[in-house]
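Engineer: need coordinates for the below:
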Amino acid sequence: MLLVTGASGHLGSLVHAGLTRRGLAPLAGSRTPDRFGAAGRSLDFDDPATADLTGVRTLVLVSAGYGEDDVVIARHDAVITAAERAGVEHVVYTSLTAAGDHLPFALAHRWTERRLRASSLHWTVLRNGLYAELIGQLAAPADGVIATPLGDGAVAAVAREDLADAAVAVAADPESHRGSTLELVGPTAITAADLAAELAVPYLPVSLARWRAGLDGAGLLPFQPPMLLGICSAVAGGFLAGTGGDLARLLTRPARDPLRVAVAAAR
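Structural biologist: Numbers count the residues shown, from 1 in each chain. Modelled structure (predicted):
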């Protein structure tokens, strides 16, 4: 039996749908399980008592990165502990690309990878690159101009659907990927200037301080501005431009063009 955590979220819902299309009848772990009917199972990362993984053989652990490091670590630890207790055989974890070690939210991912390696479980780590959709949102035009602190840095962004399809391929045959750490970044590196050209708007690189000031009053949670600024810094510094990796090997089709995906998200 398969179970996908975070099945109500952007990535988790795509993974669950992909496994369903394959006829694998995955369970959907969610705070709102009723929306999945008989396939839904209540699973709240912040309430370990709800982590009932009885009968689950393969668990797709979609990272619960929506919080501070200590919160995310506690969530992941609770789910992995529940998996050990329930006798889950294999965990497929959606982590962060190795190039993302400069990002503010990398620590919780690396902690979770270490926790899995020390566990009694078989595991596969999917080190996902940054979503092309996110880059499009960060570089979305305002008043006819793209004004971001991305500099001239490029990022090997990847479509969320590609990452979901890669997770489906691994979860459908976990034994073939046992003990593997897979790097899943986009096929090409894109820049904010590339987006501006596609959208036919000017690109104005701005300072981190100026962009940070623009986030005030945007209704963000306290941990979110540093996270977004860290992403911009890493892209501008050229730390996330490396392409290649394992994505093409897992997909049965060419990867989506990250620039087109980012442009669609920026519109």
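Engineer: from now on I want contacts and neighbour counts done on CA atoms only, so please keep to that.
Structural biologist: Will do.
Engineer: longest helix in the chain, by number of residues?
Structural biologist: For the chain, the helix with the greatest residue count under DSSP state H is helix 69-86.
Engineer: give me the three-state assignment for G136.
Structural biologist: helix (DSSP: H, G, I helix; E, B strand; the rest coil).
Engineer: could you measure from it over to S176?
Structural biologist: 34 Å (Cα to Cα, to the nearest Å).
Engineer: higher neighbour count, the two?
Structural biologist: Legend: neighbour count by other Cα atoms under 10 Å for G136 and S176, higher for G136 (24 against 11).
Engineer: show me where the chain has helices.
Structural biologist: 10-21, 69-86, 106-117, 132-138, 160-172, 192-199, 208-215, 224-236, 247-250, 258-266.
Engineer: other SSEs contacting the longest one?
Structural biologist: Packed against helix 69-86, as judged by 3 or more Cα pairs under 8 Å, 6 or more residues apart in numbering; DSSP states H and E, are the following elements: helix 106-117.
Engineer: how about the helix it packs on: buried residues?
Structural biologist: Residues of helix 106-117 classed as buried by neighbour count (16 or more other Cα atoms under 10 Å): 106-113, 115-116.
Engineer: just stretch 27-40 next, same as before
Structural biologist: For stretch 27-40, a neighbour-count test (16+ other Cα under 10 Å) marks 27-33, 40 as buried.
Engineer: where does pLDDT dip in the stretch 151-267 of the chain?
Structural biologist: Scanning the stretch 151-267 of the chain for pLDDT under 70 picks out nothing.
Engineer: one step back: in strands only, show me the buried residues of stretch 27-40.
Structural biologist: Secondary structure from DSSP state E places 27-30, 40 of the buried residues of stretch 27-40 in strands.
Engineer: just flag the most distant two among the residues you listed.
Structural biologist: The most widely separated members of those, counting by Cα to Cα, are L27 and S30 (9.5 Å).
Engineer: next up, the contacts around the closest residue to F239 other than its chain neighbours.
Structural biologist: Among residues not flanking F239 along the chain, A99 sits closest, at 6.4 Å (Cα to Cα, 6 or more residues apart in numbering). With contact set as Cα atoms under 8 Å, 6 or more residues apart in numbering, A99 has these partners: 239-240, 242.
Engineer: what do you get for G100?
Structural biologist: So G100 contacts 106, 129, 234, 239-240 (Cα under 8 Å, 6+ apart).
Engineer: out of these, which are buried?
Structural biologist: 106, 129, 234, 239-240.
Engineer: before we move on, the earlier item: would JSON lines of the buried residues of stretch 27-40 with distance to A255 and pLDDT be doable?
Structural biologist: Converted to JSON lines, the buried residues of stretch 27-40 look like this (distance: Cα to Cα, whole Å; pLDDT from 0 to 100):
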{"residue": "L27", "distance to A255": "27", "pLDDT": "97"}
{"residue": "A28", "distance to A255": "26", "pLDDT": "97"}
{"residue": "G29", "distance to A255": "28", "pLDDT": "96"}
{"residue": "S30", "distance to A255": "28", "pLDDT": "94"}
{"residue": "R31", "distance to A255": "31", "pLDDT": "91"}
{"residue": "T32", "distance to A255": "31", "pLDDT": "92"}
{"residue": "P33", "distance to A255": "31", "pLDDT": "94"}
{"residue": "G40", "distance to A255": "30", "pLDDT": "96"}
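Engineer: do you know how far A236 is from P149?
Structural biologist: For A236, the distance to P149 - Cα to Cα - is 7 Å.
Engineer: swap that for E175, sorry
Structural biologist: For E175, the distance to P149 - Cα to Cα - is 42 Å.
Engineer: neighbour count winner among these two?
Structural biologist: P149 (25 against 15).
Engineer: just checking, the more buried one touches W211?
Structural biologist: Yes - between P149 and W211 there is a contact under Cα atoms under 8 Å: 6.8 Å.
Engineer: please list the residues outside stretch 81-97 that contact it.
Structural biologist: Counting by Cα under 8 Å, 6+ apart, 48, 51-63, 106, 109-110, 113, 119-130, 167, 170-171, 174, 183-185 sit against stretch 81-97.
Engineer: same thing but 6 Å
Structural biologist: Stretch 81-97 has contacts (Cα atoms under 6 Å, 6 or more residues apart in numbering) with 53-54, 56-63, 109, 121-129.
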